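*Asks:* My questions concern the predicted model and sequence given below.
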Amino acid sequence: MRLRFTKMQGAGNDFVVLDATRAPLSLSREQLRRLGDRRFGVGADQILVVERSATPGVDFRYRIFNGASGDEVEQCGNGARCFVRYVVDRRLSDKTTLQVETVNNRLELRLGADGRVTVDMNRPRFEPRELPFDTAGLVPREVHGFALWPLDVDATRVEVAALSMGNPHAVLRVDDVDAAPVAVLGPRIEHHPRFAQRVNAGFVQVLARDHVRLRVWERDAGETLACGTGACAAVVAGVRLGWLDARVDVDTRGGRLTIEWAGAQRDGWAPVLMTGPAETVFEGEIEL
């Protein structure tokens, strides 16, 4: 089959975007992996498939597939920003605020006058079973009522904050993110047996109460230039642990994201807002 695609990026996190709003599109894992392959395909961290939604009040549905494995995944913040830019640029909608559903979530996306996109990433979830994270036999260190969990990784013990942003994250604080052993500890944490569905590992360096640097080892993808949900998870953990204020600039290797989180509200935890860039790189066709 011959397939039209759009290559996009948000803070260096790159995507192949496919339009399935006019006709259903079903691709095999092999075809999805071919699209994601940087030597034999287009190359992307993830594949985004844009669909119409049958849910009242929801403008679109989109599905997210890992470019390396072809597996469907739950959430992607940088992909959500590229999604709204794609929909607006291709005139699939004249709205600048969209309601979108994913496999397990519903998001509000806003395109700003400056071209940056703000995504309401919904509320973080902290119960270990939400990730899931097996805490049996572990004794956490409580900081401001939030748990830092001891995790034995080979011969190294690290402390992680565990939470879900619609996908699972383990956040570690480091003194120098450039020197952090991301390529060594990242895959060990991802595949740690206590995370039954594996986990994204974030390494955060706190520069000030409103400024951090971040590297993320993502499930299936390895280290990427940016991870939107990872940035959200790092800031949420930092706010709960008393390290950070409610609005934080997150510098990744691919660019800057701005994360806002107000913490506890009367009706529970506040939603997380993420703002950052999204742009088209090129368009083309590929034979699959």
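*Replies:* Received the coordinates, thanks. Quick caveat: nothing in here was measured; it's all calculated off a predicted structure. Numbering: from 1, shown residues only.
*Asks:* Just the local confidence number for Val216, please.
*Replies:* Val216 is assigned a pLDDT of 98 by the prediction.
*Asks:* Please apply the same query to Leu273.
*Replies:* pLDDT at Leu273 comes out at 97.
*Asks:* Strands along the stretch 151-288 of the chain, start to end?
*Replies:* Remark: strands assigned in the stretch 151-288 of the chain by DSSP state E, counting those that start in this stretch are 156-164, 168-173, 200-208, 211-218, 222-224, 247-252, 255-261, 264-265, 268-269, 272-276, 279-287.
*Asks:* okay, the closest residue to Gly276 other than its chain neighbours: pLDDT?
*Replies:* Nearest residue to Gly276 in three dimensions, chain neighbours excluded: Leu257, at 4.2 Å (CB to CB, 6 or more residues apart in numbering). For every residue, glycine as well, the C-beta is placed using N, CA and C. On pLDDT, Leu257 comes in at 96.
*Asks:* ok, Leu257 - how many residues close by?
*Replies:* For Leu257, the neighbour count with other CB atoms under 10 Å is 29.
*Asks:* Tell me what it is bridged to.
*Replies:* Judged by DSSP bridges, the bridge partners of Leu257 are Val250.
*Asks:* Looking at the strands of the stretch 151-288 of the chain, which one is packed in the most?
*Replies:* strand 168-173 (a mean of 25; mean count of other CB atoms under 10 Å).
*Asks:* Show residues contacting it.
*Replies:* Contacts with strand 168-173, where a contact means CB atoms under 8 Å, 6 or more residues apart in numbering, come from 130-133, 151, 158-163, 180, 185, 189, 195, 197-206, 229-230, 233-234, 237, 243.
*Asks:* Please repeat the previous calculation with a cut-off of 7 Å.
*Replies:* Residues outside strand 168-173 that contact it (CB atoms under 7 Å, 6 or more residues apart in numbering) are 131, 158, 160-163, 189, 195, 197, 199-204, 206, 229-230, 233-234, 237.
*Asks:* re earlier: ok, the residue nearest to Gly276 - contacts?
*Replies:* Leu257 makes contacts with Ala11, Ala226, Gly228, Ala231, Val250, Met274, Thr275, Gly276, as judged by CB under 7 Å, 6+ apart.
*Asks:* was I right about the fourth one contacting Val248?
*Replies:* No. In this structure, Ala231 is not within contact of Val248 by CB atoms under 7 Å, at 8.6 Å.
*Asks:* Can you check which residues contact both of those two?
*Replies:* Ile259.
*Asks:* Next up, the contacts around the residue nearest to Gly254 when sequence neighbours are not counted.
*Replies:* Excluding the flanking residues, the one nearest Gly254 by CB to CB, 6+ apart is Gly12, at 2.0 Å. Each residue near Gly12 by CB under 7 Å, 6+ apart is listed here: Leu225, Ala226, Thr252, Arg253, Gly254, Gly255.
*Asks:* and the fourth one, how many neighbours does it have?
*Replies:* For Arg253, the count of nearby residues is 16 (other CB under 10 Å).
*Asks:* Need phi/psi at it.
*Replies:* Phi and psi for Arg253, reported as degrees, to the nearest 10, are phi -70, psi -20.
*Asks:* Next one: it relative to Arg215, how far apart?
*Replies:* Computed as CB to CB, to the nearest Å, the Arg253 to Arg215 distance reads 7 Å.
*Asks:* gap between the residue nearest to Gly276 and Asp175?
*Replies:* Distance from Leu257 to Asp175, by CB to CB: 22 Å.
*Asks:* now Pro132
*Replies:* Distance of Pro132 to Asp175, computed by CB to CB: 30 Å.
*Asks:* Which one of the two is surrounded by more residues?
*Replies:* Pro132 (16 against 8).
*Asks:* Could you give the backbone dihedrals for the more buried one?
*Replies:* The phi/psi pair for Pro132 (degrees, to the nearest 10) reads phi -80, psi 160.
*Asks:* Please report phi then psi for Glu130.
*Replies:* Per-residue torsions, Glu130: phi -70, psi -20 (degrees, to the nearest 10).
*Asks:* Hmm, Ser164 and it touching each other?
*Replies:* Yes. Using CB under 7 Å, Glu130 is in contact with Ser164, at 4.5 Å.
*Asks:* who's in contact with Arg209?
*Replies:* Arg209 neighbours (CB under 7 Å, 6+ apart): Leu244, Asp245.
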